[in-house]
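K.L.:
Sequence first, then the predicted structure:
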Amino acid sequence: ATQHRLWPEIDRISVEQLRYARLGVGEGGWQLFAEDGEMKMYKREEESNGMVVDPLKACHVVRGVTGHEMCHYFFSPDVRMEWETTVEQMTVIEKIADDTLVFLQVHKRIWPASQRDALFWSHMRQVPDHNDRDGHDIWIVCNHSTDNSDFPQSNNGKCVRVTLTVCLVCQTFIDPPKDGAKITRDDITCKITYCSVVNPGGWAPASVLRAVYKREYPKFLKRFTAYVIDQCKDKPIMF
Ligand SMILES: CCCc1ccc(-c2ccc(S(=O)(=O)CCO)cc2)cc1[C@H]1C[C@H]1c1ccccn1
């Protein structure tokens, strides 16, 4: 089959985002702004034409689930509204492949800014075994804004379109049980890096956006990881 017109971009951005996620937070002006147990959230304060575009990087360790499971639920349109509380409406407008979809999401309005929507491709892939550590396979979901002539910006002037790049990078670690016993969920740990850059696409008060991010991102990651743990606990492990 001839490849989809977006494929070169999807491949490039996915590779680039994996590299970006694996960079430490030691350099580059990251400031820790939220901590909750194993979850650490960092941001950089950046503006582009007077709009807040603060890059965010969250690191977390979740026990009892695999990276494949985390990415499966993050990617899946069927369960998105179960855990995503800032989305009012979600539509899959194109299926590029089994592991690549195009989403249109209308987000809940953040007063006093106007309502936002986001149109982005979402791609999930397993990355060849990274033996640079004792880690196991890596799974990644990358979401990146895209245009679609059937869904022009500011549909009937209602929403301002944001541009975003998001990646969820998950590495599974297995602590082999004694004498070759079957691996259980008590033996697996998943190290997560979540990165996001959201450009609001139009003016929104910096103080309001920064307050929303400070509140919403920790809530978002805690809610999502709790959701995956709950969905997986009675199911066979998806390695
Ligand atoms: C003015 C910008 C409004 C705004 C548009 C979009 C998003 C947003 C879109 C996608 C994703 S995701 O990680 O790809 C999961 C799929 O939904 C996360 C966030 C966030 C905000 C802002 C509202 C803030 C926020 C922060 C954290 C979580 C959710 N929302």
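P.N.:
Cool, the structure landed.

K.L.:
show me the contacts for Val79.
P.N.:
Taking Cβ atoms under 8 Å, 6 or more residues apart in numbering, we find Val79 in contact with Tyr73, Tyr227, Gln231. In short, each C-beta sits where N, CA and C put it, glycine included.

K.L.:
Which of those sits closest to the ligand?
P.N.:
Tyr73 (11.1 Å; Cβ to the nearest ligand atom).

K.L.:
So which bits of the helix or strand where that closest one lies are buried?
P.N.:
Per DSSP states H and E: Tyr73 is located in helix 67-75. Neighbour-count burial for helix 67-75, counted by 16 or more other Cβ atoms under 10 Å, picks out Gly67, His68, Glu69, Met70, Cys71, His72, Tyr73, Phe74, Phe75.

K.L.:
could the residues you listed go into TSV alongside pLDDT and distance to the ligand?
P.N.:
Below are the buried residues of helix 67-75 laid out as TSV (pLDDT from 0 to 100; distance: Cβ to the nearest ligand atom, whole Å):
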residue	pLDDT	distance to the ligand
Gly67	97	16
His68	98	18
Glu69	98	16
Met70	98	12
Cys71	98	12
His72	98	14
Tyr73	98	11
Phe74	98	7
Phe75	99	10
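
K.L.:
with these in mind, which one is nearest to Thr184?
P.N.:
Lowest distance from Thr184 to the buried residues of helix 67-75 (Cβ to Cβ) belongs to Glu69, with 14.2 Å.

K.L.:
Run the chain-centre distance for the helix ranked longest in the chain.
P.N.:
Counting by DSSP state H, the longest helix found in the chain is helix 206-232. Offset of helix 206-232 from its chain centre (Cα atoms, centre = their mean, to the nearest Å): 11 Å.

K.L.:
Give the other helices and strands that it contacts.
P.N.:
Packed against helix 206-232 by the contact rule (3 or more Cβ pairs under 8 Å, 6 or more residues apart in numbering; DSSP states H and E) you find strand 31-36, strand 39-43, strand 51-52, strand 56-63, helix 67-75, helix 80-83, strand 188-199.
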